[in-house]
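K.L.:
sequence and predicted structure below; questions after.
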Amino acid sequence: MLAGMGQGVSGAPDPMASQMAQLLAGSDLDELREIVRRWVAEAPTEGVRRHYQELGGRLVDLKAALAENPVQPTIAELEQALTMMLRLAASSPRT
């Protein structure tokens with residue numbers, strides 16, 4: 001499903017991407033929503049809370065989209081795609 005997405009991504013996957021891939025692969029949608037709720041509830045500051053809400057919302061959206069596909073990506077494919085996304089986000093100027 002994500003064949004070829006890792007082209008241009010060299011080296012080991014980003015540690016955060018690996019953790020997100022494990023969450024996506026190892027949790028159902030309701031479990032993931034509960035994890036995000038806990039992140040938000042336990043956030044130490046309002047800024048972190050907003051960050052967790054945004055990140056968590058995107059992970060839930062991604063999990064929902066992946067659930068609609070008949071073939072699920074492997075953890076390695078998720079790690080590659082998420083590593084690429086994190087690198088792109090880090091290289092993009094903030095608005």
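P.N.:
Sure, I can see it.

K.L.:
what's the helix or strand for Arg33?
P.N.:
With elements delineated by DSSP states H and E, Arg33 resides in helix 29-42, which encompasses its position.

K.L.:
neighbouring contacts of that helix?
P.N.:
With Cβ atoms under 8 Å, 6 or more residues apart in numbering as the test, helix 29-42 has contacts from 23-24, 27, 49, 52-53, 56-57, 59-60, 63-64, 67. To be clear about C-beta, it is placed using only N, CA and C from the backbone, and glycine gets the same treatment.

K.L.:
so for it, what gets flagged as buried?
P.N.:
For helix 29-42, burial by neighbour count (16 or more other Cβ atoms under 10 Å) applies to Leu32, Arg33, Val36, Trp39, Val40.

K.L.:
and which of the residues you listed is nearest Ser18?
P.N.:
Minimum distance to Ser18 across these is 16.1 Å, recorded for Leu32 (Cβ to Cβ).

K.L.:
where's the closest one relative to Leu88, distance?
P.N.:
Spatial separation of Leu32 from Leu88 under the definition Cβ to Cβ, to the nearest Å is 23 Å.

K.L.:
same check on Pro70?
P.N.:
27 Å.

K.L.:
those two: who's more crowded?
P.N.:
Leu88 (9 against 5; other Cβ atoms under 10 Å).

K.L.:
tell me the mean pLDDT for the helix or strand where the more buried one lies?
P.N.:
Assigning secondary structure by DSSP H and E places Leu88 in helix 75-91. Helix 75-91 shows a mean pLDDT of 92 in the predicted model.

K.L.:
can I get the CA coordinates of it in CSV?
P.N.:
What follows is helix 75-91, C-alpha atoms only, in CSV (Å, rounded to 0.1, in the frame of the first residue of the first chain):
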residue,chain,number,x,y,z
ILE,A,75,4.8,-1.4,11.0
ALA,A,76,7.9,-0.8,8.8
GLU,A,77,5.8,0.9,6.1
LEU,A,78,4.1,3.1,8.8
GLU,A,79,7.5,4.0,10.2
GLN,A,80,8.8,5.0,6.8
ALA,A,81,5.8,7.1,6.0
LEU,A,82,5.7,8.8,9.4
THR,A,83,9.5,9.4,9.4
MET,A,84,9.1,11.1,6.0
MET,A,85,6.2,13.2,7.3
LEU,A,86,8.1,14.2,10.4
ARG,A,87,11.1,15.3,8.3
LEU,A,88,8.9,17.3,6.0
ALA,A,89,7.2,19.0,8.9
ALA,A,90,10.5,19.8,10.5
SER,A,91,11.8,21.3,7.3
